[in-house]
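Engineer: generate a structure from the sequence data that follows.
(one chain, ligands or ions: 1)
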Amino acid sequence: MKKFLWIILSVVLVAVIYACSSVALTGRKQVLLYSNSDIMALSEESYKEFAQTAKASTNTALTQRVRVVCSKLINAMNNYFISAGQENPMQGLNWHIDLVQSDEINAFCLPSGNIVVYEGLAKFVDNDDQLAAVVGHEIAHAIANHSNERMSRATLSESIQRTILTAAQASGRVTDSQLAVFNTALGLGSQYGVILPFSRKQELEADRIGLIMMAIAGYKVEEAPKLWVKMAENGSAAPPEFMSTHPSDVNRINNLNKYMEEAKAYASK
Ligand SMILES: [Zn+2]
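Structural biologist: Residues are numbered from 1 along each chain as shown. Alright, predicted model coming up:
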């Protein structure tokens, strides 16, 4: 029993020591097990797949408007990281902005820098500030390496699970039925205990970073909670990107209000 606990502890320690980094702007520590090139390659692959079926919007005015908002956020953040002398998490990303034909209220940004906004979302927002709130949130996931972190956590929890089961079997002290129960419990534990709560945390962190980006780029941060109120009132209007593990609307709005002053302070930096 002791032996396999040491093995697990070693796996966790090695991962934490060698793969620990900090999220830009929030300073939260995270474990990243995958290289940037791995993430870029996976990301480019998913974009290629998406692009096979997606149709570019023919609304040139709306496309232009989306491109201006996205570019303003990207340029402002690049300038911020350079002038603050901080490591630039946006370096090396291949920014590409698409507005696609779809009534869905949705948007996403792949870790490679591919930003996709759906026409439905561009028409749903009341102003450019609200558009910046959504796009800022999406770019924040890329800046904060959330995909890498998510995959790393899944890999880590899977390997810990496998180690525990192998060691338990090798010790011969557990029956097959006990093992099955143990396995189920661990499966549930890794799904609900590690991955999902963390994803909610990432969503709230993306909201916080998104607010800071809005402030730095000169957008009105007060429009972000207004957009979430509008989405909550609309019920089914919440974009799928936010639906999977998204925090409740109340949590999200409280979180945005909590970080409002912090974001505003960036406007003068
Ligand atoms: Zn998100």
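
Engineer: which is the next helix or strand following the host helix or strand of residue 43?
Structural biologist: Using DSSP states H and E, the secondary-structure element containing residue 43 is helix 36-53. Scanning forward in sequence from helix 36-53 by DSSP H and E, the next helix or strand is helix 60-83.

Engineer: now that next one - C-alpha only, CSV.
Structural biologist: Presented in CSV, the C-alpha positions along helix 60-83 are these (Å, rounded to 0.1, in the frame of the first residue of the first chain):
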residue,chain,number,x,y,z
THR,A,60,-18.9,42.5,-45.2
ALA,A,61,-19.9,45.3,-42.8
LEU,A,62,-20.4,42.8,-39.9
THR,A,63,-17.2,40.9,-40.7
GLN,A,64,-15.3,44.2,-40.7
ARG,A,65,-16.8,45.2,-37.4
VAL,A,66,-15.8,41.8,-35.8
ARG,A,67,-12.3,42.1,-37.2
VAL,A,68,-11.9,45.6,-35.8
VAL,A,69,-13.0,44.5,-32.3
CYS,A,70,-10.8,41.4,-32.3
SER,A,71,-7.7,43.2,-33.7
LYS,A,72,-8.1,46.1,-31.2
LEU,A,73,-8.1,43.6,-28.3
ILE,A,74,-5.1,41.6,-29.7
ASN,A,75,-3.0,44.7,-30.5
ALA,A,76,-3.8,46.3,-27.1
MET,A,77,-2.7,43.2,-25.3
ASN,A,78,0.4,42.7,-27.3
ASN,A,79,1.4,46.3,-26.6
TYR,A,80,0.6,45.8,-22.9
PHE,A,81,2.8,42.7,-22.5
ILE,A,82,5.7,44.4,-24.4
SER,A,83,5.5,47.7,-22.5
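
Engineer: for that helix, enumerate the helices and strands it packs against.
Structural biologist: Based on contacts counted as 3 or more Cβ pairs under 8 Å, 6 or more residues apart in numbering; DSSP states H and E, the elements that helix 60-83 packs against are strand 96-100, strand 114-118, helix 119-124, helix 128-143, helix 196-216. Any C-beta I mention is one placed from the backbone N, CA and C, and that applies to glycine too.

Engineer: sweet, I'm off.
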